[in-house]
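Chemist: no sequence on this one, just coordinates:
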Ligand SMILES: *[C@@H]1O[C@H](CO)[C@@H](O)[C@H](O)[C@H]1NC(C)=O
Ligand SMILES: *[C@@H]1O[C@H](CO)[C@@H](O)[C@H](O)[C@H]1NC(C)=O
Ligand SMILES: *[C@@H]1O[C@H](CO)[C@@H](O)[C@H](O)[C@H]1NC(C)=O
Ligand SMILES: *[C@@H]1O[C@H](CO)[C@@H](O)[C@H](O)[C@H]1NC(C)=O
Ligand SMILES: *[C@@H]1O[C@H](CO)[C@@H](O)[C@H](O)[C@H]1NC(C)=O
Ligand SMILES: *[C@@H]1O[C@H](CO)[C@@H](O)[C@H](O)[C@H]1NC(C)=O
Ligand SMILES: *[C@@H]1O[C@H](CO)[C@@H](O)[C@H](O)[C@H]1NC(C)=O
């Protein structure tokens, strides 16, 4: 009686559903809004918003506090151990009932559920990353109330039961490390893997209807989804658009499909049969060769122009569908070719035939409760990325495939997306039903996302090749082939195969890090997936001195690297109490999910800085938060600059680095992590640094055998002539000691070249009474007309800890208001490194922050994200520099 129809795909592009006169339409009725939510023994029964989740509903109705407050992640563990049922009653409008076919559509169910309509089970769900729909016309009651229930099983219980059912061999890891305070066996459930805890996030195994629910009704045929990919023929210099239509027809009908891009004078019509049921039809629209196609470029390399694709369906002369969507034209290739002077293969991206250095970071879920990731949150984070001169983000495989708006914004802002499939840091089972649900997930996600020019690569998983190759899970040698077989089954024979069938317009990698083509040669699991001669590398080292570039691998592509820091006090304050405000409190260790993380930050900081030692407990705490941010900013700067200056060189067989994506952009809650933007959107010092170290033109300074070198790095598409200007300062005095200037030099388009080279001893000897301990350097690049190109950078000749003559500055600030923002005029009586302006919980952003002050005066602007005043800013402003913390 009930029929479970094949699965549908969510609509990524704007489809003009609804009641348009003149053609048979799809009519829909939303079932979002207020549902009823009950737990398994009925002790709790409350109103719940859909889309939403159990935690959010409990909080909104006052049953629980903010789940992020203090230790609540542990206190609220019971929520995900219970089963919960969502119920809604509704009547179906006459307009819908008149239609021949009616579908109940769930855009996203989190996760394991049984769905009933009027007491009859219509289906089950087991994958948060799939859309589900059910054909329900014959089950719906006319006139009367219908009752729809979704009974969710505890994801923790489900994962553990699936583990038990998989008795033949273990699928590690069994559980997260204790320090993460998480749940076990998350790899057995197709759900956000980090929701069972991560080393930067809490365990909140959510349950709910996390995306919309609705009824859709139609008579003849429904166009469910349009996806399009541009393909470029190099030999004929012609563009064509491959357009896929996902259709659901009630009976066989004969019709005509017309595709057009009017702005490019391109239109084609196709006679076609629409067969009953669900089907995908592909058409190719050749773009008129007499039209000039403007291509989409990554941010910093050009504009992001788009066109309108119109798709019309006609049957017997009447319109049966008519939609319009955006199309962008661009090509992407991953180049893995032999490299002159180096063993191995290159690894870089061509966009529209041009090699592009990827600058950016890694994206994690922006909230434990996805219903709280608002458009404003996404906009703010993505704008922060481009404002820091990033052009790429990797959507990491332990989170979620992001919402449509995320990719729309990346398209508009020119952010390239490295899109992982959602598998991370684990082995995975390969039972038939697991593979089946993954296959459906992959088909749906590829069809949903492939129209986005921002998505430049698919990648099968996060670190699972490395986990196998370097044996993270102590798998006995005799059992290794079994795990490799499962690995190849899942990522190669299933995921890769589906992606290649669905999308020929962009590359696919099986894992990250990987040796790419070399891993394939080695049977998909390379002996050393971290080999710097191939593919991408993830590299972390917390104990080695991060100021020493020799410790970094000279990889082809750095897709993960980073250091932890604490967020600001204003971010921690609302979720903690006074007793928590110490670096050694229970709270401080509770929020740290990385083994020994709090100690490691201080050990790294202590290599170069005096640690805070104020006798005032609160000052000591906030100073410590500050010093962790200084350490992180300086470490990631050193590493990123190393990668950027390595783009043109091969040294000892290694180099041609073409990507630097640090870990991580954003935070899921208020806790120590590798992020550069705090939960809530506040920029850490690292993010201000990123704005400089990702600048299109950048001077990079470093020492090699006591010789100072300055490289000019340029991502500009044209040649430059630049010289380096080095200014030597004494730590004790704001007046420069001396200035050195190099000869003008050619800096070719898209390159990194040395423009200054001098032994440090000679440099200091020619400059007053400077020694390594008494002086420091700033430097910048300028062109032949003495115009500065790129930011000013600095190089310390000793650790600031050892600097002689560094004074505690007397710094004063005056806040003023002008038309569009506020300005802060700073005045200092001495050199001040890492000057940090903080206005507490007033949201907004400074024009620069964390800077080295080597002048008496400096003006910084502040753009507030809510109304504020000079008085409020003045009262909230604190200024900290290095010498203030000890
Ligand atoms: C019902 O379940 C809740 C949540 O799991 C639990 O706290 C409560 O003790 C249970 N009540 C009864 C009567 O079993
Ligand atoms: C949740 O449902 C499962 C399966 O029906 C059952 O085994 C388990 O006891 C239920 N949990 C609670 C807390 O009632
Ligand atoms: C590309 O263009 C060449 C030359 O016009 C043509 O022979 C070839 O079939 C085209 N390839 C595709 C895939 O359309
Ligand atoms: C291509 O565009 C030109 C106008 O620029 C138009 O005259 C011509 O008919 C178009 N060709 C096709 C095949 O549509
Ligand atoms: C700090 O600087 C301000 C302004 O320049 C000055 O008025 C004040 O006396 C100075 N304070 C100290 C302790 O030097
Ligand atoms: C520098 O700042 C001080 C104190 O705010 C001010 O008196 C002085 O005029 C400023 N000097 C310049 C050159 O702007
Ligand atoms: C803090 O450390 C500095 C540098 O080691 C030292 O000079 C100062 O006396 C210390 N202050 C306190 C209060 O221990």
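Modeler: Here it is on my side, so go on. Keep in mind that this is a model prediction, so the values were computed, not measured. Numbering: from 1, shown residues only. Ligands and ions are numbered 1, 2, ... in the order given.
Chemist: what about the strands in the stretch 101-250 of the chain?
Modeler: 101-106, 113-117, 120-125, 132-135, 146-152, 196-198, 201-203, 208-209, 213-218, 221-233, 238-249 (DSSP state E, counting those that start in this stretch).
Chemist: what's in contact with the fifth one?
Modeler: Applying Cβ atoms under 8 Å, 6 or more residues apart in numbering, the external contacts of strand 146-152 come out as 31, 54, 83-92, 104, 106, 109-119, 140, 207-209. In short, each C-beta sits where N, CA and C put it, glycine included.
Chemist: what does this structure put close to ligand 2?
Modeler: Selection of the chain residues close to ligand 2 by Cβ under 6 Å from any ligand atom yields 40, 82-83, 153-154.
Chemist: and those residues, which are buried?
Modeler: Among these, those buried by neighbour count (16 or more other Cβ atoms under 10 Å) are 82-83, 153-154.
Chemist: and for residue 258, the neighbour number?
Modeler: 16 (other Cβ atoms under 10 Å).
Chemist: one more: residue 273?
Modeler: 11.
Chemist: now do the buried residues in whichever strand or helix holds it.
Modeler: If you go by DSSP states H and E, residue 273 is part of strand 266-274. For strand 266-274, burial by neighbour count (16+ other Cβ under 10 Å) applies to 266, 272, 274.
Chemist: list the residues that contact the second one.
Modeler: Residue 272 makes contact with 254-257, 281, according to Cβ under 8 Å, 6+ apart.
Chemist: cutoff 10 Å now
Modeler: When contacts are counted by Cβ atoms under 10 Å, 6 or more residues apart in numbering, residue 272 touches 245, 247, 253-257, 281, 283, 313.
Chemist: which of the residues you listed count as buried?
Modeler: Buried members of these, counted by 16+ other Cβ under 10 Å: 245, 247, 253, 255, 257, 281, 283, 313.
Chemist: in strands, which of those residues fall?
Modeler: When DSSP state E is applied, the buried ones among the contacts of residue 272 are split such that 245, 247, 253, 255, 257, 281, 283, 313 fall in strands.
Chemist: between the residues you listed, which sits nearest residue 188?
Modeler: Within these, the smallest distance to residue 188 is 34.8 Å, found for residue 247 (Cβ to Cβ).
Chemist: first-to-last residue distance for stretch 818-826?
Modeler: 16 Å (Cα to Cα, to the nearest Å).
Chemist: ranking the strands of the stretch 101-250 of the chain by burial, who's on top?
Modeler: Of all these, strand 208-209 has the most neighbours on average by mean count of other Cβ atoms under 10 Å, namely a mean of 28.
Chemist: other SSEs contacting it?
Modeler: Contact analysis of strand 208-209 by 3 or more Cβ pairs under 10 Å, 6 or more residues apart in numbering; DSSP states H and E lists strand 33-39, strand 45-50, strand 52-53, helix 54-60, strand 84-90, strand 146-152 as its packing neighbours.
Chemist: mind putting the ones you listed into TSV with mean pLDDT?
Modeler: Formatted as TSV, the helices and strands packed on strand 208-209 follow (pLDDT from 0 to 100):
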stretch	mean pLDDT
strand 33-39	98
strand 45-50	98
strand 52-53	98
helix 54-60	98
strand 84-90	98
strand 146-152	98
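Chemist: confidence score at the closest residue to residue 65 other than its chain neighbours?
Modeler: Setting aside the residues directly before and after it, residue 65 is nearest to residue 72 in space (Cβ to Cβ, 6 or more residues apart in numbering), at 6.1 Å. Here the pLDDT value assigned to residue 72 is 98.
Chemist: still on that earlier bit, what's the farthest-apart pair in the ones in strands among the buried ones among the contacts of residue 272?
Modeler: The distance between the two most remote of those (Cβ to Cβ) is 16.8 Å, for 253 and 283.
Chemist: in terms of secondary structure, what does the helix or strand of the chain with the lowest mean pLDDT contact?
Modeler: Taking mean pLDDT, DSSP states H and E as the measure, the chain has helix 94-97 as its least confident helix or strand, at a mean of 90. Using 3+ Cβ pairs under 10 Å, 6+ apart as the contact test, the elements touching helix 94-97 are strand 27-30, strand 213-218.
Chemist: can I get those in a markdown table with distance to residue 560?
Modeler: Shown next, in a markdown table, are these (distance: least, Cβ to Cβ, whole Å):
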| stretch | distance to residue 560 |
| --- | --- |
| strand 27-30 | 40 |
| strand 213-218 | 37 |
